[in-house]
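In: The sequence and its predicted three-dimensional model are supplied below.
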Amino acid sequence: MEASSTQWKGRAVPLREDVRFSTGRGTYIDDMKFSDTLHVALLRSVHAHARILKVDLSEALKMPGVVCGLTGEDAGRMSEPLRSLIPIPVQLDAYCLAYGKVTHVGEPVAAILAESRYLAEDALEKIRVEYEPLPAAVDPEAAMEPDAPLLFESMGTNVMWRDRFDYGDTDAAFARAARVFKKRFYIQRYSSTALETFGCTAVYDDHREQLTVWSNDQRPGQAMPIVAHSLGLTHAQIRFVTPDVGGGFGNKRKAHYLIIAALLSKLSGGRPVHYLEDRRENLMALIHACNGVMDLEAALDEEGRILGMKVHDIADEGANVLNPTVHSILKLGNLTNCYRIPVVRYEVNSVMTNKCPSGANRGIGKPFMCLAMERMMDYLARQLGMDPIELRRRNLVPPDAMPYTGPSGALIDSGDFNGTLDKLLPLIDYQDFLREQREARAQGRYLGIGIAIGLEPSTSNQSAYILSSGRRNASGSAEAAMVRVEHDGSILVLLGDVGSGQGHETAAAQIVADELGVAMDGVRVSPFFDSAVTPWLYATGNYSNKFAGTDVGAILGAARKVRDKLLELAAYLLQEPVENLELAEGGVRARDRHEHRKALAELAFVAYRDLLSLPRGMEPGLEGRFYHSSDLANVPDENRRVRNQLFASNAAHGVIVEVDPDTGGVAILKYGVVHDCGTVLNPSIVEGLVQGATAHGIGAALYEEFDYDAEGNLKSTTFVDYLKPTAVEIPDVRMDHLVTPSPYTPLGMKGVGEGGAIPAPAAICNAVENALEPLGCTFDHLPLTPERVWAEIEKARASK
Amino acid sequence: METQLTDAPADTRAISVTVNGTRREGEVDVRKTLADFLREDAGFTGVHVGCEHGVCGACSVLMDGEVIRSCILFAAQADGHEIVTVEGLGGEEGLSPLQQAFVDHHALQCGFCTPGMLLAAVDLLKRCPDPTETQVREALSGNLCMCTGYAGIIRAVRAAAPHMKG
């Protein structure tokens, strides 16, 4: 099999989708027009925890323009309960609307369907709900206590999952250690808050027994079975379509809303029913990344090498009874970060509280793991009187150990961590900075530098959840694609993962253009996922940076099927052996006589129209479908080791900050990232994602927090309270790259989307602590708001 | 205490708004936002709604040449005024220099903030044809982007500036 050309791969090809977005001609879910659309408004709980005694829609239903309504009880009659993937075998009555009780502020309690959203919201004000408020479980550690208010009495506890993974003999490692250190870390609730909110339109056509759902849900492969089961429909009766998605980051998933819209469409006789969250609803009730508490213990030898580690982790999942434990499972991937730590004890606790349900968010659990690990490294360095970079170097997995399997079974396929670090230091003028810092301190200014190296695993293996759910609900890592040469020689590509800003349309076209020897203009990648047309599996969707790990395999597999057929057909028509032929310049030609060729359009003419010119036994058509399942995915072994994600990118972040001691304000003076995601398909895409993901990490470190009071009321429900960084706060990241291709992906690519969000909070935290080292300030809680920083400075000054 | 709502239909107002050069006349609910009017009544779905409380800037449009947030203005307040949305940028030739710069510098990923960002940039470049990086950042600080981390946007605006003069 000849190698494909490399005319397009590796080039910073401008993104074709950028053209329609720059002219305001994207088609997001709220842009899609249907006739006779009705609109949903949701009444949401004002209590963190309460029994629902009565929901009375009668007055609301009389309001102008109102068509019908839905309560939790209605949902209980009209749909099956949503299945929860927790290990505790108890039936939880969870439906698309609150049933019997509410478990977090903002939980949907009732739905109104009306001619417009305005009229639907008017009607909400007429709904009468009688609640019996209950004490709320807000703090996760308190929620674990035996006397804590229980979200579900039948569970008998708020701890949905508690487990201990002993990967090797940590007791022995700790017993022979020269020194042992323990430290506690916290992470706050935050989320990526995509600018477009979650939405859907459903048409439930009872006569044709067909449900069509358009939605920006980023995991249609998972949404489909949930919706089908809930509504008692078969998959064949459901068509799921994804238009342009205005940012996902893991957050854009809420089957409840899809089911509400479908039920209301059914009740309205099949009219299109549209629901779009507003920002307040999005911040209160879509998804929060788990907040948490982690205790790290490290056992070191005399030279500062880490012999073993104990991790005790509490993940606050909010009221997520459906699919918790994701953050805890994902931490298996960067449990030991980039370090060669041979044994680890990992104790997990997934705790329910009366807060917004948890879910996937850029990094999922790995930012916290990296935060804890990288802050621990700085802490250990201070305790040992060692240079923090030297301490890291002593523990990094060396390049000659690749591919490296960590104690949890996590695979690092490739990487040169020392090399990544080497490139970072000159990028941020490290040596010069140390001198600058001395001079600044002499002047009473607080400049600091923070380094963090972070493993960035990608491509989730569904089998990992066997560890937490106790069930083999799914396994493997996969995606599907179709490549088709059309009747006129143009090429259409369909991909299960339409993305949410990662440039899939362009990236896929680069790959297919090279594979089939055409100009990129000749390849069209559909921006839509359509379950009736696009091949898909359970794993289909946009998550865990899987483009490099699975989508590429699917695209190549499909393209190669078409390639093989084109060559075979051309060989027959040109009377040339296949080995003599190559795909180039929009056709198939003899290598030694380029004019002896067939254009793709000519081959397509035979394949679709002039069928009797086909070789005997060749099926007409020029279409390839490929379902790519990664060979690297495995199931947990008898020691519960598993590759929970498959391919590991990495990055080193270095940040220089100045802290204003009078205001507590933190200014980023310089930010450098050296990034390794293996082979780079399109540098523009990679650099954009590194910059953007780093911005998420900066936001988490300095600005963002979902702040709940002691009763479980969310205080951050607007962008005035929940602060996102703007163009003023986010610097231009100085970037450099290292390329260690993955030996396991077809092009050597590794995932890139999440990346920067993982090491960034750690780097910034380290920088602020470094800046304030003369005062001895340390920080337990993020974000490092001016108030927090100022308070620590004042505390430190007062104690001197 | 329950909120008292009248059951009478909402008040409406006849308005005349010029959008992207075309005059549109209609009867709108007095409480309908300009953003919703532009999206639904005028058909310009390039106007995006990201927060509805005037912070994120996704809904930014030009009103009489100045950038405003259409989510916190009523459609009735635009009566007699001229609105330019992202669809009004560029022209027969295709992309405007600013839009082309956004493409050339990959100043977007999901595209949702892009219309508002473009209009805020148009407003800036009109007031300040040769902005420094700091000036660009400050002028765009009212437009949130969750994807790009802003670097490409700043580069694009600065690259487009010389082509927008005159």
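Out: Noted; the coordinates are in hand.
In: Need phi/psi at A:Arg44.
Out: A:Arg44 adopts backbone torsions of phi -120, psi 150, taken as degrees, to the nearest 10.
In: ok, now A:Glu687?
Out: According to degrees, to the nearest 10, A:Glu687 has phi -70, psi -40.
In: That one contacts A:Asp736, correct?
Out: No. Applying Cβ atoms under 8 Å, one finds A:Glu687 not in contact with A:Asp736, separated by 10.6 Å. The C-beta positions use only the backbone N, C-alpha and C, and glycine is treated the same way.
In: More neighbours: those two, which one.
Out: Neighbour comparison, A:Glu687 and A:Asp736: the larger count goes to A:Glu687, with 22 against 15 (by other Cβ atoms under 10 Å in any protein chain shown).
In: Chain B versus the more buried one, what's the distance?
Out: Between A:Glu687 and chain B the computed distance is 8 Å (Cβ to the nearest Cβ, to the nearest Å).
In: Which residue, neighbours along the chain excluded, lies closest to that residue?
Out: Distances taken as Cβ to Cβ, 6 or more residues apart in numbering or on different chains put A:Met735 closest to A:Glu687, at 5.9 Å, once the chain neighbours are dropped.
In: Bridged to that neighbour, which residues?
Out: A:Val673 (DSSP bridges).
In: From the structure, what's the count of residues near A:Tyr572?
Out: Residues near A:Tyr572, counting by other Cβ under 10 Å, number 17.
In: Assign it to helix, strand or coil.
Out: At A:Tyr572, secondary structure determined by DSSP: H, G, I helix; E, B strand; the rest coil is helix.
In: contacting residues for the nearest residue to it once chain neighbours are set aside?
Out: Of all residues not flanking A:Tyr572 in the chain, A:Pro615 sits nearest, at 4.4 Å (Cβ to Cβ, 6+ apart). Residues near A:Pro615 by Cβ atoms under 8 Å, 6 or more residues apart in numbering or on different chains: A:568-569, A:572.
In: One more pass at 10 Å, please.
Out: A:568-569, A:571-573, A:606 (Cβ atoms under 10 Å, 6 or more residues apart in numbering or on different chains).
In: can you redo the residues you listed as a markdown table with pLDDT?
Out: As requested, those are arranged in a markdown table below (pLDDT from 0 to 100):
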| residue | pLDDT |
| --- | --- |
| A:Glu568 | 98 |
| A:Leu569 | 98 |
| A:Ala571 | 98 |
| A:Tyr572 | 98 |
| A:Leu573 | 98 |
| A:Val606 | 98 |
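In: Which among the residues you listed count as buried?
Out: A:569, A:571-573, A:606 (16 or more other Cβ atoms under 10 Å in any protein chain shown).
In: quick one: A:Met309 and chain B, what's the gap?
Out: 32 Å.
In: What about the closest residue to chain A within chain B, how many residues nearby?
Out: Closest residue of chain B to chain A, Cβ to the nearest Cβ: B:Gly46 (2.1 Å). Neighbours of B:Gly46 under the rule other Cβ under 10 Å: 27.
In: again with the one 4 residues further on
Out: Here the number of neighbours of B:Gly50 (other Cβ under 10 Å) works out to 29.
In: Chain B contacts on the stretch 401-550 of chain A?
Out: A:499-503, A:506 (Cβ under 10 Å from any Cβ of the partner chain).
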